[in-house]
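[1] below is the structure, and that's it, no one-letter string:
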């Protein structure tokens, strides 16, 4: 198959206000071939969406190059469309007018523009809604308008940035099936599709190949080919086996060479999964009980709890970070501290959680030490946020601080006054004195 798109040593960095460079993508090499659907799979913040914007030409890479059939985009004659997670429709325009926008920007004559827009609306299953406004449409119908607007310009490559994540499960499943049917029956002029998602079952359902991303900064950890014939059955053993294989890869601590690595110890500036202590307690209780009895296959656990891929991976990662559980080869096992936590009463649970925070989450330990050494045992939130932003993206710094604040409050390691935006030792645990 012909290579439509090639990324050669693409690196993307952004310069923060204080002049420090923040690397989001690191030395990404990737090829998209004609006739394939490829999924970019990874946790939030792994640079997947940034990569899509580099490919679309919305931002220029800091290093490396992007070529289309071996040429720069301007010389290749390629048209690229993107479908976003949010519906991105203009509320004051009708369905027809929203779909016509891309053609209008290309200078297509009015008569042809109307004809092509109506054909795209009919193709995507919205015939009869041409004069409707976005406020009259359901979420699934709004996203169909987004697809029609992307397809009406006859793109060579369609980029999709988590296009189904804002939809309910049934609506998303119907839209995926309809899009696959259009693709398989060659009713749309696309030559390739590139899908960004964090949903493992989604990529197994739709894609021919999966590229798994590492985080901090984003880099390719592994590639997996999916040879299952369409249409694919969620319940088939082959489908289930592929899902489990991807879970194993994503939970094994991959390196750029695709080799499983021992998870590194946390630093103060690492991202933290923003999950609540109550969610962690609930997951540990679920793991400890039958039928798991302390050990579970993560895909089975995900299906049983119905949380969604990203949510279960965040919870699993938090238990690993806090060393309540061990994670390997797609399985999670409660550790000694996890079992002690499940068996304890509320007061002892808080003590155990505080100990795990101090020992395993450097940011929590740092906040606690600072508060111990400050007059009045208080410190402003901005102090810690500023330090985090020196080495993290602003959004990641905010998320990390929010996560550790929730965990610290639960453990009664420190208190936080949201009105004053101040941390204190006003209500520390007895063990923390």
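    The structure has been received and is ready for your questions. Since the model is a prediction, treat every value here as computed from it, not as a measurement.
[2] where does the stretch 151-300 of the chain dip in pLDDT?
    Where the stretch 151-300 of the chain drops to pLDDT under 70, the residues are 252-265.
[3] can you do 50?
    The stretch 151-300 of the chain contains residues with pLDDT under 50 at 254-262.
[4] that one: helices as residue ranges?
    Under the criterion DSSP state H, counting those that start in this stretch, the stretch 151-300 of the chain carries helices at the ranges 169-184, 200-206, 237-250, 277-288, 298-305.
[5] next, format the ones you listed as a markdown table and append distance to residue 4 and mean neighbour count.
    Any C-beta I mention is one placed from the backbone N, CA and C, and that applies to glycine too. Written out in a markdown table, the entries for the helices of the stretch 151-300 of the chain read as follows (distance: least, Cβ to Cβ, whole Å; neighbours: other Cβ atoms under 10 Å):
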| stretch | distance to residue 4 | mean neighbour count |
| --- | --- | --- |
| helix 169-184 | 15 | 16 |
| helix 200-206 | 18 | 24 |
| helix 237-250 | 24 | 18 |
| helix 277-288 | 42 | 17 |
| helix 298-305 | 32 | 18 |
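[6] so residue 91, which state does it fall into?
    Local secondary structure at residue 91 is given as coil here, using DSSP: H, G, I helix; E, B strand; the rest coil.
[7] give me the neighbour count for the spatially closest residue to it that is not a sequence neighbour.
    For residue 91, the nearest residue in space outside its immediate sequence neighbours is residue 134; the separation is 5.1 Å by Cβ to Cβ, 6 or more residues apart in numbering. Summarising burial for residue 134: neighbours were counted as other Cβ atoms under 10 Å, giving 17.
[8] now do residue 89
    Going by other Cβ under 10 Å, the residues that sit close to residue 89 add up to 22.
[9] picking that back up, using a markdown table, please lay out the helices of the stretch 151-300 of the chain together with distance to residue 383.
    Written out in a markdown table, the entries for the helices of the stretch 151-300 of the chain read as follows (distance: least, Cβ to Cβ, whole Å):
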| stretch | distance to residue 383 |
| --- | --- |
| helix 169-184 | 42 |
| helix 200-206 | 39 |
| helix 237-250 | 35 |
| helix 277-288 | 24 |
| helix 298-305 | 37 |
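[10] relative to residue 27, which of those is closest?
    Proximity of these to residue 27 was assessed by Cβ to Cβ; the nearest stretch is helix 237-250, lying at 19.6 Å.
[11] show me what the closest one is packed up against.
    With contacts defined as 3 or more Cβ pairs under 8 Å, 6 or more residues apart in numbering; DSSP states H and E, the packing partners of helix 237-250 are helix 200-206, strand 209-214, strand 219-225, helix 298-305.
[12] show residues contacting the helix or strand that comes right after the longest one.
    Which is helix 298-305. Using DSSP states H and E, the next helix or strand after helix 298-305 towards the C-terminus is helix 309-321. Surrounding helix 309-321, the residues in contact under the criterion Cβ atoms under 8 Å, 6 or more residues apart in numbering are 43-44, 198-201, 250-251, 263, 266, 272-275, 279-280, 283-284, 298, 301-302, 305, 307, 325-327, 332, 338, 360-361.
[13] what sits against the nearest residue to residue 26 once chain neighbours are set aside?
    The spatially closest residue to residue 26, leaving aside those adjacent along the chain, is residue 217, at 4.3 Å (Cβ to Cβ, 6+ apart). Contacts for residue 217 (Cβ under 8 Å, 6+ apart) come out as 23, 24, 25, 26, 47.
[14] looking at these, which is nearest residue 87?
    Looking at the contacts of residue 217 and their distance to residue 87, the nearest is residue 47, at 23.7 Å (Cβ to Cβ).
[15] got a list of what the closest residue in space to residue 164 that isn't next to it in sequence touches?
    Computed as Cβ to Cβ, 6+ apart, the closest residue to residue 164 that is not its neighbour in sequence is residue 172, at 3.9 Å. By Cβ under 8 Å, 6+ apart, the contact set of residue 172 is 140, 164, 165.
[16] re the thing from before, could you measure from the residue nearest to residue 26 over to residue 284?
    Computed with Cβ to Cβ, to the nearest Å, the distance linking residue 217 and residue 284 is 32 Å.
[17] how many neighbours does residue 160 have?
    Applying other Cβ under 10 Å, we find 25 other residues in the vicinity of residue 160.
[18] that one pairs with what?
    According to DSSP bridges, the residues that bridge with residue 160 are residue 83, residue 195.
[19] need the contact list for it.
    Taking Cβ under 8 Å, 6+ apart as the definition, contacts of residue 160 comprise 82, 83, 193, 194, 195, 196.
[20] report the contact partners of the third one.
    By Cβ under 8 Å, 6+ apart, the residues touching residue 193 are 36, 37, 38, 157, 158, 160, 183.
[21] buried ones in whichever strand or helix holds residue 148?
    Secondary structure assigned from DSSP H and E places residue 148 in helix 139-151. Using 16 or more other Cβ atoms under 10 Å as the burial criterion, the residues of helix 139-151 that qualify are 140, 141, 142, 143, 144, 145, 146, 147, 148, 149, 150, 151.
[22] any idea how many residues pack against the nearest residue to residue 189 once chain neighbours are set aside?
    On the basis of Cβ to Cβ, 6+ apart, the spatially nearest residue to residue 189 that is not a chain neighbour turns out to be residue 154, at 4.8 Å. Residue 154 is surrounded by 14 other residues when neighbours are defined as other Cβ under 10 Å.
[23] what do you get for residue 98?
    Using other Cβ under 10 Å, residue 98 is surrounded by 24 other residues.
[24] how about residue 422?
    Neighbour count of residue 422, defined by other Cβ under 10 Å: 17.
[25] is it bridged to anything, and to what?
    In this structure, residue 422 has the following beta-bridge partners (DSSP bridges): residue 380, residue 417.
[26] tell me the contacts of it?
    378, 379, 380, 381, 416.
[27] please redo it, this time with the cut-off set to 7 Å
    378, 380, 381 (Cβ atoms under 7 Å, 6 or more residues apart in numbering).
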